[in-house]
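1. what's the 3D shape of this:
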Amino acid sequence: MKLLQRAKHLSRVLISLGIFAAGSAMAQQAHTLLGINCAAPPAYHCPDTDCPGPTVTQPGDSVELKTRRTFFLDCPADYKPGDKVNIVLSLHGYGSYANWQRNYFPAFDVKDKYKLIVITPGSPVRYWSDADDEYLHNIVDLVVGAVGKENVQHFILAGHSQGGLTSSRLVCTDYFKDKVDVRISLSGGRVGPVTRADRGFFGGTPVYKSGGTAAPPPPPRLPPTPAGPPGGACDYSFIFSNGEYESTPADTSPLADKFGCGKREELPEVLDPKPGLVWDPTRQDPGADGWGRYPKSGRALVYVFPNCKDGRVVADIVKMQKGHTEGYEANITDKIIELAVSAKGGKIATGSWTPPPPPPPPRGPFG
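-> Below you'll find the predicted structure:
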């Protein structure tokens, strides 16, 4: 009898341990997305000062299985399947790297506040062309398929410099036109006129300083001005930002006219006591204000065109006393994302597009 009681007790203990283990596994899975532990601190996050070269040149620790190219994926710390999320696809500039972009525009620092899933891809030749389009499509398919299209509140396409120009090329293509709710151009070209500052950016960039971590690729060929209406033949909200030493956006916008927005208004300026995380150390001999110097605290002017039809947002940001490459500070990054998620969203969730199923995992040696 005692032996039977002991057996029953042992059985209950084993069942309890099994339930506990299963519960722990489910809890761990609840904060995991495509193999990334969302609750862990972001990998390769730059320190507040002196971010080392081997950190900013990291290519990403997730793999897109069709092209076998890597990318970074950051997700909310408390993410669980079925959560409503906002997806950001963030493209680096010419001659840059995935992790430089990730720390230049540190949306991953506000991922918990705004329920962001941030995708940061990289080009192996360090600039974007249509040869990369399949890779970008595959990454979006993979992430949207994992979170569920019905759970995507906003899809935001962001890019710095040539990445911003690439976002302009991509936004109204067949693949992206029914997905992108908001486009963010970070020194990547405004839809509408600007006044150039003539502080050493337009008309030629500073000569590359020898002895840097890696030589830049050959000079880029700028894409031709697209035909059709300003901003392309599709609808999306648009946030433009650049440094005062690059250019100043006009107080008019063809997109604001398109969406029937009101006259541009200035919002309270954004102050950033702490500097951004990255800069360009290879072009500081002698360097130029327009190209950008060392990170420093910041003050940014914020303008919006109010009361746009259909919930659209059209906005301009000017970072005072900054150029092309000083990393975005924490508070202005927060403000840009706040504006983005305040815009109309839901193209992916309500559209007819369905992401293809993810590829099966690779087979092991035993099948």
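2. all strands for this structure, in order.
-> 32-33, 36-37, 62-64, 69-74, 85-91, 116-121, 152-160, 182-186, 194-196, 237-243, 247-249, 265-272, 298-305, 314-319 (DSSP state E).
3. The fourth one packs against which elements?
-> The one in question is strand 69-74. If you count contacts as 3 or more C-beta pairs under 8 Å, 6 or more residues apart in numbering; DSSP states H and E, strand 69-74 packs onto strand 62-64, helix 98-104, strand 116-121, helix 133-147. (Each C-beta comes from the backbone N, C-alpha and C, glycine too.)
4. looking at these, which is closest to Val318?
-> helix 98-104 (17.2 Å; C-beta to C-beta).
5. what's that closest one in contact with?
-> Contact with helix 98-104 is made by 42, 44-46, 51, 55-60, 70-72, 74, 90-93, 96, 108, 118, 120-122, 160, 163, 186, 276-278, 325, 327-328, as judged by C-beta atoms under 8 Å, 6 or more residues apart in numbering.
6. Flag the shaky bits of this structure, pLDDT-wise.
-> Regions of the chain meeting the criterion pLDDT under 70 cover residues 1-30, 202-227, 358-367.
7. Counting neighbours, what do you get for Thr55?
-> 18 (other C-beta atoms under 10 Å).
8. Let me see the contact set for the residue nearest to it when sequence neighbours are not counted.
-> Using C-beta to C-beta, 6 or more residues apart in numbering and skipping residues adjacent in sequence, the residue nearest Thr55 is Tyr44, 5.3 Å away. Taking C-beta under 8 Å, 6+ apart, we find Tyr44 in contact with 55, 58, 72, 99, 102.
9. any idea how far Leu170 is from the last one?
-> With the distance defined as C-beta to C-beta, to the nearest Å, Arg102 ends up 19 Å from Leu170.
10. between these two, which one's more packed in?
-> More neighbours surround Arg102 than the other of Arg102 and Leu170, with 28 against 25 (other C-beta under 10 Å).
11. Out of the contacts of Tyr44, which two sit at the greatest distance?
-> Of all pairs in the contacts of Tyr44, the most separated under C-beta to C-beta is Thr55 and Phe72 at 12.3 Å.
12. Please report the distance of the one residue sitting closest to the centre of the chain from Arg183.
-> Most central in the chain under C-alpha atoms, centre = their mean is Ser90, positioned 2.8 Å from the mean C-alpha point. Distance, Ser90 to Arg183, by C-beta to C-beta: 12 Å.
13. any residues in contact with both of those two?
-> What both Ser90 and Arg183 touch, as defined by C-beta under 8 Å, 6+ apart, is the set Ala158.
14. For the closest residue to Thr354 other than its chain neighbours, give me its contacts.
-> Nearest non-adjacent residue to Thr354, counting by C-beta to C-beta, 6+ apart: Lys149, 6.7 Å away. By C-beta under 8 Å, 6+ apart, Lys149 lies in contact with 348-349, 351, 353-355.
15. which of the residues you listed are buried?
-> 348-349, 355 (16 or more other C-beta atoms under 10 Å).
16. Closest to Asn307 out of those?
-> So of the buried ones among the contacts of Lys149, ranked by how close each gets to Asn307 (C-beta to C-beta), first place is Ala349, at 24.7 Å.
17. Could you measure from the residue nearest to Thr354 over to Cys75?
-> For Lys149 relative to Cys75 (C-beta to C-beta), the value is 16 Å.
18. Check Asn99 too.
-> Asn99 is 16 Å from Cys75, by C-beta to C-beta.
19. Likewise for Ala330?
-> Distance from Ala330 to Cys75, by C-beta to C-beta: 19 Å.
20. and those two? which has more neighbours close in?
-> Using other C-beta under 10 Å as the criterion, Ala330 and Cys75 rank with Cys75 on top: 29 against 18.
21. Now the more buried one: closest residue in space, sequence neighbours ignored.
-> Cys38 (3.9 Å).
22. what do you get for Ala98?
-> Gly122 is the one closest to Ala98 (C-beta to C-beta, 6+ apart), at 3.3 Å.
23. same check, this time on Gly192
-> Closest to Gly192 by C-beta to C-beta, 6+ apart is Ser253, at 4.3 Å.
24. Pro47 too?
-> Pro47 sits nearest to Leu277 (C-beta to C-beta, 6+ apart), 7.9 Å away.
25. now do Gly188
-> Gly164 (1.2 Å).
26. Now for the one you found, how many residues are close by?
-> So Gly164, with other C-beta under 10 Å, has 24 neighbours.
27. what do you get for Asp334?
-> 19.
28. quick one, what contacts it?
-> Contacts of Asp334 by C-beta under 8 Å, 6+ apart are 110, 113.
29. ok, so what distance separates it from Tyr127?
-> Taken as C-beta to C-beta, the span from Asp334 to Tyr127 is 29 Å.
30. still on that earlier bit, you'd agree the residue nearest to Cys75 is up against Thr32?
-> Yes - between Cys38 and Thr32 there is a contact at 6.5 Å, judged by C-beta atoms under 8 Å.
31. So for these two, which sits in the more crowded spot?
-> Remark: of Cys38 and Thr32, Cys38 carries more neighbours, 21 against 17, as counted by other C-beta under 10 Å.
32. Tell me the spacing between that one and Ala146.
-> Counting by C-beta to C-beta - Cys38 and Ala146 are separated by 12 Å.
33. Lys113 versus the spatially closest residue to Val140 that is not a sequence neighbour, what's the distance?
-> Excluding the flanking residues, the one nearest Val140 by C-beta to C-beta, 6+ apart is Leu89, at 6.6 Å. Per C-beta to C-beta, Leu89 is found 19 Å from Lys113.
34. go on, Gly311?
-> 21 Å.
35. now Tyr97
-> 26 Å.
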